[in-house]
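Novice: coords below, sequence missing:
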């Protein structure tokens, strides 16, 4: 699927963040790169970008991006970028002879919205627009947004000044070359060079479809919208379905705050994983050192490491750096970290008093933690099928484990915590085996 | 794919093993059940079995088998079972109007051979026979086998007395109803009621294809062949590609001997896994008990448990009881067993002298063993791709680990063994991570 991106405007209201609007980084990644990456996720594989204001800078960036992502991005120049945005669309007329996606360089969105477009089979001569049906969407600047009146899946009217409307123009289109004709016709008739104007012309003929949605999108147009966009991208990190309770309510809110700053540094997710691991190792060393102060410090450090452990995935998602290896590397380091923390606590107790039961409890806590992770994949995939059939399972993950370690260290109740971990982790492992067998 | 199985004959040369030949168990499973299971693996899903001698007993068994396997098996009675086997084939004439597999109840085979048949697209009016091209096949009774002369993928002649031949009749056919016509024609012409006779008629018209193969098959016709078949089934257990060196050269030969007897008992593979685990647990207890004698006994028991650990999979394969759960259950128990054995050794050393380095070494050995297993799946799947590209990886599995434990216990050199395990397992884990990263 070909994709046309309009990146010609000046974006004067965001000048404080960067001279060239499409290149303004939001959480470490330029706006236009986010648009292109999201479009790729939705199936676009060949890009045309209309550039205008600061065209050379944008062109240079796109050239490097095309190399990095191994895709084709053809720049098209619109020197009339100060006029209506329809003129930018018209610059692609010679290049696009079939259906194509039309996106704005400054509109961020959930790839699912574009997928709804690419999955749509559009008859010749028509266009389709994703229309946001959530008229109370807090991400929208009501002063500036283009309003849409849609009925029975068709756009009846479109424009900024509409008073009778039931949705908003998201700036995400699936077009046929009919859009070019409508733009020409409009320009010749009354000099209207806006895209909305052309859509209105098609709408009058019943040739403009409305694809209703209430998914995430935002027009990053001014500092307030920029801030809302940043916040929305960060908020989206927080609904990871497999987060445990400690991760969800304690670690994630903090790690997201940290990730917000980490994305601006030149640090990779794997380096963050390693950093978290080193913190755990240091915490284990502090446990083994003996004395309450070292124990407390170790506990805090362990919990801090657990929080940081969320940042690798967050940064990876924000910067499109997720990889199979990264996930696996993180999991391997987590297993080592868990074992070292529990071994540190065991050492702490043994240093005070050599006791076989303590030794055994420490061993069982280590083995239990391991087994819970070892059985997780198999069990999760099994439960995934069961949950559909109405049965859910307990999930007692690393977030809870490390939090217990922190609590034990902070309250100087190490042995009870080791006992709890030893019992709960092993019992849960055995339960998983029994449940899996019944399946 | 429909499948016709000839199970009418008396099999007088095997009467000492059982009154009804198709029901004679070989390594715990009746011959005809092995044939049906293998045919199912190759894609057959509806069965017709021609019964004759001891027909009621065979019919009862097939009825129960059909229930167990949730398939349809239609019994067809041939009271003339003492005459040529072609008459048994003719009993199915009313039931089979399209292509079908034709198998013998007393011929065991690798499902791959039948898959070669089902994958073959046979023109109307023809038959295809799997011809064993290995004329030195040691599993064949040269006195009794039907010989085949094939050229350019076609059977030129077939019969027991052929002197010019280049293969053997495996008794595995893909037929069209043309086989019925050829049988009738032959019977009317000169009273020949053998299947070979009918194939010869088709061969004369160039309508009998030969599908050449040198895979496993055996005609279980007399006590010597029965013994060869048993041995062949057991030998096939020994070429498991992911066996480590200790498993391959020490454990597997012994475990196969044990499995040969276990299949005759009413013990499930999972029960064998559990038995092996309990032996390991007992061995770990003996280690912790202290003293060289207990240590030695524990070492022997640990190695014995490692051998038994091969039997669960062997029995499962021999008795068609393999399951995803079984493999996973075995893996989970193995992880616990490994940890307990190493913990037992650590305890053994600590009981003699409380030493932090011993404690640390034991911990590192336990964590290293775990990590090696934890990283195995991911690494194996990665290496699977790499090996195609010419790069192989070291595989240091459980068989080697337990053997080292046995050696350490037997020679009373526990600490060196713990050090070796701790170093090798962790270094290998780190190597895997690095190798995976490069990929």
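Specialist: It's in. Nothing here was measured: the structure is a model prediction, and the numbers come from that model.

Novice: What score does whichever residue of the stretch 101-250 of chain A sits closest to chain B have for pLDDT?
Specialist: Nearest residue of the stretch 101-250 of chain A to chain B: residue A:242, at 18.3 Å (CB to the nearest CB). The way it works is simple: take the backbone N, C-alpha and C, and place the C-beta from them, glycine included. For residue A:242, the pLDDT comes out at 75.

Novice: Not counting sequence-adjacent ones, nearest residue to residue A:419?
Specialist: Nearest non-adjacent residue to residue A:419, counting by CB to CB, 6 or more residues apart in numbering or on different chains: residue A:361, 5.7 Å away.

Novice: typo on my end, it should be residue A:397
Specialist: In space, residue A:397 is closest to residue A:244, 4.1 Å off (CB to CB, 6+ apart).

Novice: do residue A:277 as well
Specialist: The spatially closest residue to residue A:277, leaving aside those adjacent along the chain, is residue A:333, at 4.2 Å (CB to CB, 6+ apart).

Novice: So what angle separates the directions of whichever helix or strand that neighbour is part of and helix B:324-352?
Specialist: Element membership for residue A:333 (DSSP states H and E) is helix A:324-352. Angle of helix A:324-352 versus helix B:324-352, following axes from the mean of the first three to the mean of the last three CA atoms, to 10 degrees, is 30 degrees.

Novice: and the angle from the next helix or strand after helix A:324-352 to helix A:324-352?
Specialist: Downstream of helix A:324-352, the first helix or strand assigned by DSSP H and E is helix A:356-388. Here helix A:356-388 runs at an angle of 150 degrees relative to helix A:324-352 (the same axes, to 10 degrees).

Novice: mind listing what's buried in whatever helix or strand comes next after helix A:356-388?
Specialist: Sequence-wise, the next helix or strand beyond helix A:356-388 is helix A:398-410, with elements assigned using DSSP H and E. Under the neighbour-count criterion of 16 or more other CB atoms under 10 Å in any protein chain shown, helix A:398-410 has A:398, A:399, A:400, A:401, A:402, A:403, A:404, A:405, A:406, A:408, A:409 buried.

Novice: The residue nearest to the last one when sequence neighbours are not counted: what's it in contact with?
Specialist: I take that to be residue A:409. Sequence neighbours aside, residue A:299 is the residue nearest to residue A:409 in space, at 2.7 Å (criterion: CB to CB, 6+ apart). By CB atoms under 8 Å, 6 or more residues apart in numbering or on different chains, the residues touching residue A:299 are A:283, A:405, A:406, A:407, A:408, A:409, A:410.

Novice: Quick check: the farthest pair among these?
Specialist: Spanning the widest gap among the contacts of residue A:299 are A:283 and A:407, at 13.7 Å by CB to CB.

Novice: how much space is there between residue A:190 and residue A:201?
Specialist: According to CB to CB, to the nearest Å, residue A:190 stands 11 Å off from residue A:201.

Novice: And the contacts of the strand ranked longest in chain A?
Specialist: What stands out as the longest strand in chain A, according to DSSP state E, is strand A:167-175. The set of residues external to strand A:167-175 that reach it, using CB under 8 Å, 6+ apart, is A:4, A:96, A:99-104, A:107, A:109, A:113-114, A:117-118, A:120, A:122, A:127-133, A:135, A:137, A:140, A:145-150, A:158, A:179, A:196, A:210, A:212-213, A:217, A:219.

Novice: Could you tell me how far that strand lies from the centre of the chain?
Specialist: How far strand A:167-175 lies from its chain's middle: 21 Å, per CA atoms, centre = their mean, to the nearest Å.

Novice: Please, where are all the helices along the stretch 101-250 of chain A?
Specialist: Under the criterion DSSP state H, counting those that start in this stretch, the stretch 101-250 of chain A contains helices at A:111-118, A:178-190, A:195-204, A:223-237, A:245-246.

Novice: Of all the residues in the stretch 1-150 of chain A, which one is nearest chain B?
Specialist: Distances between the stretch 1-150 of chain A and chain B by CB to the nearest CB are smallest at residue A:70, namely 18.1 Å.

Novice: Next up, phi/psi of that residue, please.
Specialist: phi 50, psi 50 (degrees, to the nearest 10).

Novice: what's the burial count for it?
Specialist: Neighbourhood size, residue A:70 [other CB atoms under 10 Å in any protein chain shown]: 6.

Novice: which one of residue A:190 and residue A:201 has more residues nearby?
Specialist: Higher neighbour count among residue A:190 and residue A:201: residue A:201, with 20 against 8, using other CB under 10 Å.

Novice: now the strands for the stretch 51-200 of chain A?
Specialist: Here the stretch 51-200 of chain A has its strands, by DSSP state E, counting those that start in this stretch, at A:72-77, A:100-104, A:107-109, A:127-132, A:147-151, A:154-159, A:167-175.

Novice: Fine, thanks again, bye for now.
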